[in-house]
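1. I would like to see how this sequence folds:
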Amino acid sequence: MLRLSKLTDYAVVVLIRLGDCQRAGEDCVQTSPGIAVATGVPEPTVAKVLKALAASALVTSQRGARGGYRLSRALDEVSVADVITAIDGPIALTACVDGNLASCDVQSLCAVKGRWDLVNDAIHGALSSITLAEMRSASIPHAFRIPARETASAAD
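-> Next up, the predicted model:
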């Protein structure tokens, strides 16, 4: 079974939460504890996700009393593949695809050696074509969205 990690799932939720603030017309900064409360994701997990997202330049961090995190680019410019790569590393279905042939016990006898690239490229292409803006509009419950009036008071 092909399954995303929980951290990748949480990263999508965190990024969409940050995007809701941006979508409301605010250049807002949100804190890790604030995102945790709003999304229900435990704060240590949110902090871990934000650290990985910042290392991949999907979010930027701001230190200080008014510090926190903000998106580096709009949700419609961030693909699901970008998030997976930021959290879990490159998308690779098999050791053949990621170049780690040393972990393959049947490399010399393999009838499909090198052919997984076709499947991997198709999956990568599909994940690259779906943006977080599309994910947000399709499946994010209203409770995770920031109403415009809430963002205005949060910025004060």
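2. what about D121, how many neighbours?
-> 12 (other CB atoms under 10 Å). Every residue, glycine included, has its C-beta placed from N, CA and C.
3. can you tell me the element it falls in?
-> helix 116-128 (DSSP states H and E).
4. can you pull the contacts of the residue most central in space within the chain?
-> Nearest to the geometric centre of the chain sits V83, at 3.2 Å (CA atoms, centre = their mean). Applying CB atoms under 8 Å, 6 or more residues apart in numbering to V83 gives the contacts 8, 11-12, 15, 53, 58, 132.
5. among those, which lie within helices?
-> 8, 11-12, 15, 53, 132 (DSSP state H).
6. nearest to A95, of those?
-> A95 lies nearest to T8 out of those, by CB to CB, at 20.3 Å.
7. check the gap between the closest one and Q62 for me.
-> Distance of T8 to Q62, given as CB to CB, to the nearest Å: 24 Å.
8. of the two, who's got more company?
-> T8 (18 against 10).
9. that one touches T85, doesn't it?
-> No. Taking CB atoms under 8 Å as the definition, T8 is not a contact partner of T85, at 9.5 Å.
10. still on that earlier bit, need the residues that contact the helix holding D121.
-> Contacts to helix 116-128, defined as CB under 8 Å, 6+ apart, come from residues 2, 79-82, 84, 91-94, 96-97.
11. quick one: buried ones out of those?
-> Neighbour-count burial (16 or more other CB atoms under 10 Å) applied to those gives 79-82, 84, 91-92, 94, 96-97.
12. before we move on, back to that, and which of the contacts of helix 116-128 is nearest K48?
-> I84 (15.8 Å).
13. in space, what's closest to the closest one - neighbours in sequence excluded?
-> Once flanking residues are discounted, I84 sits nearest to T8: 5.4 Å by CB to CB, 6 or more residues apart in numbering.
14. quick one: residues contacting that neighbour.
-> Contacts of T8 (CB under 8 Å, 6+ apart): 83-84, 87-88.
15. pLDDT score for it?
-> T8 carries a pLDDT value of 96.
16. many thanks, have a good one.
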